[in-house]
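Participant: everything below, folded, please.
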Amino acid sequence: MSPFAAALMNSRIAHSMSRFRAAECAGVSERTWRSYEQGQRAPRKSVVRNFYDRSGIPMTEDTAKMLRASPVARVMSITSLKGGVGKSPITVDVAACLVERGNRVAVISHDCCYEDGLSQGGRPRTGDLTAGVEFFGYPDVFFSVAEKETFTKRLRHIVDHGSPMDRSGLEFEMGGTLGSMVERIGSCRMFKDLHADYDYILLDLNLKVDLIRAHSDLVAIILDSACPQSVDSAERLNLRLQRSKGGRRTPSCFGLITRNDVGGRSRELEEYLGGLDLPPGTAEALEAARLVSSNFRERILSDITALPLTRLVTHLTNAHEIVIDKYNYEQPFMEGYSYFDSVLDIAPHSHAADEIRRLTSELVGLRL
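Facilitator: Next up is the predicted model:
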């Protein structure tokens, strides 16, 4: 029996999993799985990754070492052209969940909150799931040799001949001083090296659509169900991502609906207001406002369903806002939720954490 087959069988037995369920997680037939355990066939590395990723069973270190002989990172991006829709927090949450599942994970970020937090000394807390994520800023990585050569020439030209405006423009674009950029050329990682060192890479690159298209295997485009602008931007982004250049492949794109709380009612608020003597006109105005809000959300939903974009089954709700608001309320002033925090760390048993775990399982399943 091959080492991979033995590892799969031992993991299945240790977690009391049936052969049928194990084969389903691995993406093979039950007959094929039996052939693995009988020593007739050896599972491919992709089958091993499928099994551990989908089953949620932690991979042993020995199995992980065997897989690292020729690893291929899966690259995902959770993004939107619309700001303020939660793409960075969701990205970090999914990264933390992948760490929880035993994967080696990197996040490449071009988010201002990441850069600001880093400048203020922000880091993941020891023991948190996010502490197992390797964070890289966009200036820390070159995505190709050509990009490195182009940047080197541009930097040399600005240092030798550039005006003060040229220098400040480059510093603003890259988020650092010219001196730090000179150091960057020698210290930056190449994306292909990261690709070989991690199981998953998440790109939090905001408006870097060309990089997302060129390097992502899967893209989840955020559809804020309370924001019509996010739907419009999702349509534009999907078109840009599917526009192939020179016959190159394009990523698989899906829609991720967020803030999917429709109804406009709060039983707690209604019980509180039940003891108040509201004028009839005020009560009627509140009910009318609730119906207007519901109709508004239904119009947005019709726009979402009209998009030529397959929607993920998992929807996110305002549970994340509740968890974060509660966490911020309990923290000292100016020490609230940061870029390096995750709902899986601050509220691991919350509805928000459950949604992230279901989303991660779906993204892993789609990628595999």
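
Participant: against residue 35, how distant is the residue nearest the centre of the chain?
Facilitator: Averaging the C-alpha coordinates of the chain gives a centre point, and the residue nearest to it by CA atoms, centre = their mean is residue 91 (2.8 Å). To residue 35, residue 91 is 39 Å away according to CB to CB, to the nearest Å. All C-beta spots, glycine's among them, are computed from the backbone N, C-alpha and C.

Participant: over to residue 7?
Facilitator: 16 Å.

Participant: how about residue 284?
Facilitator: Distance from residue 284 to residue 35, by CB to CB: 70 Å.

Participant: how about residue 6?
Facilitator: Plainly put, residue 6 is 14 Å away from residue 35 if you go by CB to CB.

Participant: for the helix or strand containing the residue nearest to the centre of the chain, what is the average pLDDT?
Facilitator: Using DSSP states H and E, residue 91 falls within helix 87-100. Regarding helix 87-100, the rounded mean pLDDT is 95.

Participant: where does pLDDT dip in this protein?
Facilitator: Within the chain, the segments meeting pLDDT under 70 span 68-71, 175, 244-248, 263-276, 278, 367-368.

Participant: 50 instead, please
Facilitator: By pLDDT under 50, the weakly predicted segments of the chain are 368.

Participant: residue boundaries of the strands in it?
Facilitator: In the chain, the segments counted as strands under DSSP state E are 74-79, 105-109, 133-137, 141-142, 189-190, 200-204, 218-224, 252-258.

Participant: Throw those strands into a markdown table and include mean neighbour count, thanks.
Facilitator: Converted to a markdown table, the strands of the chain look like this (neighbours: other CB atoms under 10 Å):
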| stretch | mean neighbour count |
| --- | --- |
| strand 74-79 | 26 |
| strand 105-109 | 25 |
| strand 133-137 | 20 |
| strand 141-142 | 21 |
| strand 189-190 | 15 |
| strand 200-204 | 26 |
| strand 218-224 | 25 |
| strand 252-258 | 21 |
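
Participant: distance to residue 19 added to the ones you listed, as CSV?
Facilitator: As requested, the strands of the chain are exported to CSV (distance: least, CB to CB, whole Å):
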stretch, distance to residue 19
strand 74-79, 26
strand 105-109, 30
strand 133-137, 34
strand 141-142, 42
strand 189-190, 42
strand 200-204, 28
strand 218-224, 29
strand 252-258, 30
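
Participant: and residue 158, which of those strands is closest to it?
Facilitator: When the strands of the chain are ranked by proximity to residue 158, the top entry is strand 141-142, at 17.7 Å, counting by CB to CB.

Participant: what packs against the closest one?
Facilitator: strand 189-190, helix 191-197 (3 or more CB pairs under 8 Å, 6 or more residues apart in numbering; DSSP states H and E).

Participant: now for residue 301, how many residues are close by?
Facilitator: 16 (other CB atoms under 10 Å).

Participant: contacts only, for it.
Facilitator: 225, 262 (CB atoms under 8 Å, 6 or more residues apart in numbering).

Participant: what does the one 10 residues further on give?
Facilitator: Contacts for residue 311 were tallied using CB under 8 Å, 6+ apart; they are 223, 254-257, 304.

Participant: among the residues you listed, which one sits closest to residue 86?
Facilitator: With CB to CB as the yardstick, the closest approach to residue 86 among the contacts of residue 311 comes from residue 256, at 9.8 Å.

Participant: ok, the residue nearest to that closest one when sequence neighbours are not counted to residue 242 distance?
Facilitator: Closest residue in space to residue 256, ignoring its immediate chain neighbours: residue 220 at 4.4 Å, by CB to CB, 6 or more residues apart in numbering. Computed as CB to CB, the residue 220 to residue 242 distance reads 15 Å.

Participant: how about the helices in the stretch 251-368 of the chain?
Facilitator: Assigned by DSSP state H, counting those that start in this stretch, the helices in the stretch 251-368 of the chain fall at 267-274, 280-306, 319-330, 343-346, 351-367.

Participant: just the C-alphas of the shortest one, formatted as PDB.
Facilitator: C-alpha atoms of helix 343-346 as PDB (Å, rounded to 0.1, in the frame of the first residue of the first chain):
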ATOM      1  CA  VAL A 343     -14.500  36.400  13.600                       C
ATOM      2  CA  LEU A 344     -13.200  32.900  14.000                       C
ATOM      3  CA  ASP A 345     -10.900  34.200  16.700                       C
ATOM      4  CA  ILE A 346     -13.100  36.700  18.600                       C
END
